[in-house]
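[1] everything below, folded, please.
(chains A, B and C)
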Amino acid sequence: MHNFNYHRAADVADASGKLTSLEDPKILAGGMTLLPTLKNRLAAPSDLIDLAAIADLKGVSVEGDEVVVRAMTPHAVVAASAEVQKALPALAQLAGNIGDPAVRHRGTIGGSVANSDPAADYPAGCVGLDATIVTNKRKIAADDFFLGLFETALEEGEVITSVRFKIPTRAHYMKFRHPASGYAVVGVMVAQYGSKARVAVTGAGPCVFRLSEMEAALEKSFAPSSIANIKVSAEQLMGDIHCSAEYRAHLITVYARRAVEAMV
Amino acid sequence: MGEFAIGQPVTRFEDPRLLRGGGRYVDDLAIPGMLFGQVLRSPHAHAKIKSIDISRAKAAPGVAAVLVNEDWATSGFGDLPRAEGKKKRDGSPMYRPHFPALAKDKVRYVGDPVAFVVAETVEQAQDAAELIDVDYEILPCVTSVALGSEPGAPLVWDDCENNICFVHLEGNKEKTEEAFAKADHIIKKRFVITRVTAATMETRGSIGHYDKAADRYTIYTTLQRALNFREELAETLNIPESRLRVVAGDIGGSFGMKSGVFNEVGLVLLGSKVTGRPVKWVCTRSESFIADAHGRDNVSDAEMALDKNGMFMGLRVRNLVNMGAYTQPGTDAGAFSNLGTLAGVYLTPAIHVDVTAVYTNTNIMRPFRGNGRPEAAFVIERLVDLAADELGIDPAEIRRRNMIPPEKMPFQTGLSFNLDCGEFEQVLDQSLEMVDYKGFEARRAEARKRGKLRGIGMSYTIEKAAAPGYEGAEVRFDRTGSVTVLTGAVTQGQGHETVFKQIVSDTLGIHPDEIHYLQGDTDQVFFGEGTGGSRTAALGGSAVTVATGKVVDKAKKIAAHMMGVDEVDFAEGVFTARETNRTLSMKEVARAAMSPKNIPQGMELGLNATAAYHTTKQNYPNGCHIVELEIDEDTGQVEMDRYVVVDDVGTVLNPLLLKGQIIGGISQGVGQMLMEHIRFDPQDGQNLTGSFMDYAMPHAEIFPHIDIKSHSVPTKTNILGVKGAGEAGCVGALPAVANALVDALSHLGVKHVEMPATPERVWRIMQEAKAGRA
Amino acid sequence: MDIEVKMTVNGKAVSGKVEARTLLVQFIREHLRMTGTHVGCDTTQCGCCVVHVDGVAMKSCTMLAVQAEGKAITTIEGLAGPDGELHPMQQAFRDHHGLQCGFCTPGMVMMGVDIANRLPGADEKTVRHQLEGNICRCTGYQGIVEAIMDASAVMNAARS
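    Reported below is the predicted structural model:
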């Protein structure tokens, strides 16, 4: 690892200020992606700004028709929260299957979302559950937030403070783990909001995406058979030595169907 | 001694220390003044080194030395150990390339060491290594063993024709040809045994320490055979062995991989000599994939001849074996030393094997858990299943029909192995009962309703262990009668300390708490070979037994002398005078033996004893594995549901540890069959599986509970009657899992599943089979 | 530019000067010279480095020493009882032959305690799934899984 300067941000404004004023800074949240990247010398930021000391950024709550997860809340806390389990079990289940137990104790929603890692689980949760990403500057609909491979709508000096998930009628998340890394090869969040449906896929493409054909089919009839034969094009998908794009495309249909099966 | 006796499930004596964080692995060692090394490795599979500029690195903060090939060449150190003894097809000697610790002129695989930076901290060494400028001219490369020997393939060594390292022929060619001429059925198949890596949880590491005043070298390192290591390394350093001390602490797994004298061993010693300070190098995990020796990687074209009743008449196998870019003693052994496993437990009269070892632009190879045994077992046991399928005979029945019956023992098999004992049919029957073979079809039908394709597969494998070899043991009594036991063996997790203490405790009647076990330090251990090839229980155990036998013989004489009688009896640590009721304990005799007044005239003081045990006969552990698994029809994912093993490893010294060895071996075999695979880009030779992000390791979740029973048929080839257990689990697992996979898919017309059977591969096989049937 | 860090390790207050890039595992191993916590990979996957931070399992190779400021760390060296008796999890690993080479063991034991704390009475399938962040190359996991289930029962009984 190259060395860097370390800053413990006192509050979000402090973090945001440092983010704009320092040379090549990075926010340090849980560090579950950032630190391995630095250890393997794949990045060399000048400064790390640690958000861990900001008390306001921790905790989960249910507010009206939303589940609010503050940015520095570890996955394990979301998974174990009785409130989340009751209001939005699909989110608790998603959080409880990220990485492994030790990673879940440290990894945070803010870090996961801000990174737009193609194989991360939370992006599927955000888009599938019609979430709003709240920053120190504005609110961004999840649909508009994830722009591409490791690319988000975040602007300079912008710090995620919370993610607000809209509570669905019902929802379910299923993922196929990578045989080596354990990351999502395909992760599908299927959610029903009254007569509307959302199907969000992570792992398979360069960035989380929705499947409008499946959504339309589920809006006609929310049943596994509605989508079991909808084939997904492999064209825009990623492939690696373990799972080709074609295989991922196939898995999306299987896992979307299974997610619906788990609900009906 | 009762609860610690041979055969008891004694919990390990090494455990409390390891469980408290008291292990002493090489990276745990810190020597005052120690510097740290970083290896700069080739990023190319094959390239000319046009120039190396180390000036910026040398000037970097904290840097004490930057070494390149020229420094090695002028140091007085020679080649790292090189393999020898084999021949090419025309009878000329095998190709033995030079093997300096840093590449000269050319690099030959991704990871080939080019320079070595020594600095005050690891980070400084890493920073400086990034400042070395190497100008490479990239050359065409070849990584695949099948392509490597084809005419026109890029040459790894310019003067090594067709990249052929050596050729090995074994068996009776003429008889085999005759058998095939008369056969009713011939089963043919090409098997690809993939390249995998040991991925020991502790990576390799070394600390080199040159003591200038004494002109003596010490290497603290990860290894399997300290004394052999010293012999080979002393030759490389061009010094008498007596000026070299080799020390191994706890070894965090090896499975064959750490048995070599790797480049970095030479580099830390040269670094220490140049800087005058100790130098530590510890491999990172990601580095290990391009720096460690790999295992397996061969292609077998196999044919089996059968008569109309399904009796095996002959076996013909041509192997291409990947050697990587360089060879060391032992790196080549996987190609030829365990071919006998191909004969299986069968009567097959005629077998011939033709092996070609091929250089490629890949990491060097070393034995990996089985060292040719799993490869051979896979070939024969897959062929048997293919034959059963072709002839319409149940896989258990075709094996039973061809098995060597106990009354034919000793039995000379069709290929090399001369079996002394074994009750194969009984072992098979017990396994079939354990797995409920008869009930399988009902389970298959039930699984089908859940969208799962269930399959059952078996293997019956045999291997040689404790290949003709030797081991040393020493029993030292302290003045107060406590004991230090030393052997030449080096545990990497097998539990040698426990088993040797059991033997000493059992034979001398000394409590294990009063026994200290010492290994892995060439300044302490007087004689021995080391651990590898499933030998230590048989050879080390026998050596300890011989040494304690000498102690008892001498102690009896002293006890008789002390009690003034002619004869004494010895049992449970107590000497009893036959004529009187007087007794003396082993400890009392040991204390007394230190004083001239207590011992017969002319006898040496003390009760110390050494033994150098050797055997010319290997033993043949064998066993039956049966696996049931289910394939998810939608995704190709495989889930194992049942796994039973009945093994015959002769006398069982400690059933708890035996079970650990078998299950551990199975996990590595299953790993290779289902997920592990070192892959190279065929064009540029890059290792595509360079970290745990891409090299799939088996986790707890993939295994079912594994049921194990022992059917012990003691061997007479060593004192204890034991057969080696270290590799047996791995040997049986590969073909058993493969056979179960094929069985699960057989209704689709599938005849073979290549390793690793990843979900996508299995899914594609199902897609293709269904398309073919449609 | 060195940074002063203070934390509690196995109940003892410790401090030291570290670089910003110093990992918690380096601080424990190299500064405190407690070498029971191991490093088995560089991609946060093997779990050899698991310690408890404020009572929960974390990978000390993926945490900076400065991030542990003010935290209470427990390492494998701090698990045994005050008289040195093995923790039930350590004892169970021994009883079930849940270790061979011992290298993954400290992380496995610390993760085992964490699993037992979070999921008392977890069944075999759950325990196997909970070990997704810990790799063992020697044992095939069976002894480890049995040990965690067994110790979990003992710890549960001691709590009630």
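[2] which one is B:Ile404 nearest to, not counting chain neighbours?
    Excluding the flanking residues, the one nearest B:Ile404 by C-beta to C-beta, 6 or more residues apart in numbering or on different chains is B:Phe411, at 5.1 Å. The way it works is simple: take the backbone N, C-alpha and C, and place the C-beta from them, glycine included.
[3] scratch that, B:Val122 is what I was asking about
    B:Phe36 (4.5 Å).
[4] beyond whichever strand or helix holds the one you found, next helix or strand please.
    If you go by DSSP states H and E, B:Phe36 is part of strand B:35-41. Downstream of strand B:35-41, the next assigned helix or strand under DSSP H and E is strand B:47-53.
[5] hang on, the earlier thing: the residue nearest to B:Ile404 pairs with what?
    B:Leu419 (DSSP bridges).
[6] so it touches B:Phe424, yeah?
    No. Assessed by C-beta atoms under 8 Å, B:Phe411 is found out of contact with B:Phe424, at 10.7 Å.
[7] how close does the residue nearest to B:Ile404 sit to chain A?
    For B:Phe411, the distance to chain A equals 42 Å [C-beta to the nearest C-beta, to the nearest Å].
[8] burial of that residue, as a residue count?
    18 (other C-beta atoms under 10 Å in any protein chain shown).
[9] list the contacts for it?
    By C-beta atoms under 8 Å, 6 or more residues apart in numbering or on different chains, B:Phe411 lies in contact with B:404, B:418-419.
[10] quick check: closest non-adjacent residue to B:Asp28.
    B:Asp28 sits nearest to C:Thr35 (C-beta to C-beta, 6+ apart), 3.7 Å away.
[11] just say helix, strand or coil for the one you found.
    State at C:Thr35, reduced to three classes by DSSP: H, G, I helix; E, B strand; the rest coil: coil.
[12] if we can go back for a sec, pull out the buried members of the contacts of B:Phe411.
    With burial judged by 16 or more other C-beta atoms under 10 Å in any protein chain shown, the buried subset of the contacts of B:Phe411 is B:404, B:419.
[13] gap between C:Ile73 and B:Val546?
    Using C-beta to C-beta, to the nearest Å, one gets 49 Å for the distance from C:Ile73 to B:Val546.
[14] of these two, which one has the most company?
    C:Ile73 (26 against 18).
[15] ok so the more buried one is a helix residue?
    No. Counting by three-state DSSP, C:Ile73 falls outside a helix, being strand.
[16] for it, give me its contacts.
    Counting by C-beta under 8 Å, 6+ apart, C:Ile73 has contacts C:7-10, C:24, C:28, C:51-53, C:60.
[17] quick check: closest non-adjacent residue to the residue of the stretch 1-150 of chain A found nearest chain C.
    Residue of the stretch 1-150 of chain A nearest chain C, by C-beta to the nearest C-beta: A:Asp100 (2.5 Å). For A:Asp100, ignoring the flanking residues on the chain, the nearest one in space by C-beta to C-beta, 6+ apart is C:Gly133 at 2.5 Å.
[18] doesn't B:Asp354 make contact with B:Leu339?
    No. Using C-beta under 8 Å, B:Leu339 makes no contact with B:Asp354, being 10.4 Å away.
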